[in-house]
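# Predicted model and sequence follow; I will ask about them next.
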Amino acid sequence: MINEWAKNIARFFVFLFIQVLILKHIDVSRFINPFLYVIFILMLPIRTSKAWVMIIAFATGLTIDMFYNTMGYNAAACVFMAYCRPAVLKFYAPKGEYDTSAKPTIQSMGLPWMLSYAGTMVFLHHLVLFYLEVFSFHSFFTTLGIVIVSGITTVGLIMLSQLIMQRRRI
């Protein structure tokens with residue numbers, strides 16, 4: 001159990017480093033804003049209580065907000081995503097129930113499940129994040145385009161990092 005928490009803390013710092021030092025400075029267009037750091041919340045063990053996931057999500061989002069100067073947008077989006085996590089996990093649950101030791105990874109749940117789970121969670125996160133950022137429905141479809149393109153980019157990066165972690169067994 002302690003080893004699992006140590007791995008999660010190491011993952012937090014790795015994804016924070018990648019997000020802040022690399023992805024923050026990628027400026028392909030205003031439509032592509034990858035937020036790989038959400039993988040940290042997505043990969044928390046399924047058995048983690050909703051309260052802990054929400055606390056961890058808040059701390060993660062707030063940390064990103066400090067580096068992005070976004071006044072709590074990431075924290076709000078992460079908490080919303082954490083709040084929706086049990087419902088999304090239940091929706092995508094395999095027949096029966098999850099194994100108590102199951103982890104939401106490609107290796108343990110398979111690629112189709114991970115794509116569905118990550119895609120839904122990232123879409124929820126990005127929907128809240130980008131609409132809070134513009135704080136208006138005036139440019140509804142432009143913002144929706146940003147949500148979709150950034151979401152696809154983020155899910156692609158999540159799948160790539162999952163495959164890299166699977167090979168290295170991080």
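Thanks, I have it. Residues are numbered from 1 along each chain as shown.
# name the helices or strands packed onto the top helix by length along the chain?
The longest helix of the chain (DSSP state H) is helix 140-168. Secondary structure elements in contact with helix 140-168, counted by 3 or more Cβ pairs under 8 Å, 6 or more residues apart in numbering; DSSP states H and E, are helix 38-42, helix 106-109, helix 111-134. Just so you know, the C-beta spots here come from the backbone N, C-alpha and C atoms, and that holds for glycine as well.
# Most tightly packed of these?
Looking across the helices and strands packed on helix 140-168 with neighbours counted as mean count of other Cβ atoms under 10 Å, the highest average goes to helix 38-42: a mean of 24.
# Tell me the helices and strands packed up against whichever helix or strand comes after that helix.
Using DSSP states H and E, the helix or strand that follows helix 38-42 in sequence is helix 50-68. Here helix 50-68 touches helix 2-21, helix 38-42, helix 73-91, going by 3+ Cβ pairs under 8 Å, 6+ apart.
# Of all the residues in helix 50-68, which ones are buried?
Going by neighbour count (16 or more other Cβ atoms under 10 Å), the buried part of helix 50-68 is 53-54, 56-58, 60-61, 63-65.
# Show me how far it is from its chain's centre.
Here the centre of helix 50-68 is set off from its chain's centre by 11 Å, with Cα atoms, centre = their mean, to the nearest Å.
# now that helix against helix 73-91, angle please.
On the basis of axes from the mean of the first three to the mean of the last three Cα atoms, to 10 degrees, helix 50-68 is oriented at 150 degrees to helix 73-91.
# Serialize the buried residues of helix 50-68 to JSON lines and add fields for pLDDT and distance to residue 71.
Below are the buried residues of helix 50-68 laid out as JSON lines (pLDDT from 0 to 100; distance: Cβ to Cβ, whole Å):
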{"residue": "53", "pLDDT": "95", "distance to residue 71": "23"}
{"residue": "54", "pLDDT": "96", "distance to residue 71": "19"}
{"residue": "56", "pLDDT": "95", "distance to residue 71": "20"}
{"residue": "57", "pLDDT": "96", "distance to residue 71": "17"}
{"residue": "58", "pLDDT": "97", "distance to residue 71": "14"}
{"residue": "60", "pLDDT": "95", "distance to residue 71": "16"}
{"residue": "61", "pLDDT": "95", "distance to residue 71": "11"}
{"residue": "63", "pLDDT": "93", "distance to residue 71": "14"}
{"residue": "64", "pLDDT": "94", "distance to residue 71": "12"}
{"residue": "65", "pLDDT": "95", "distance to residue 71": "7"}
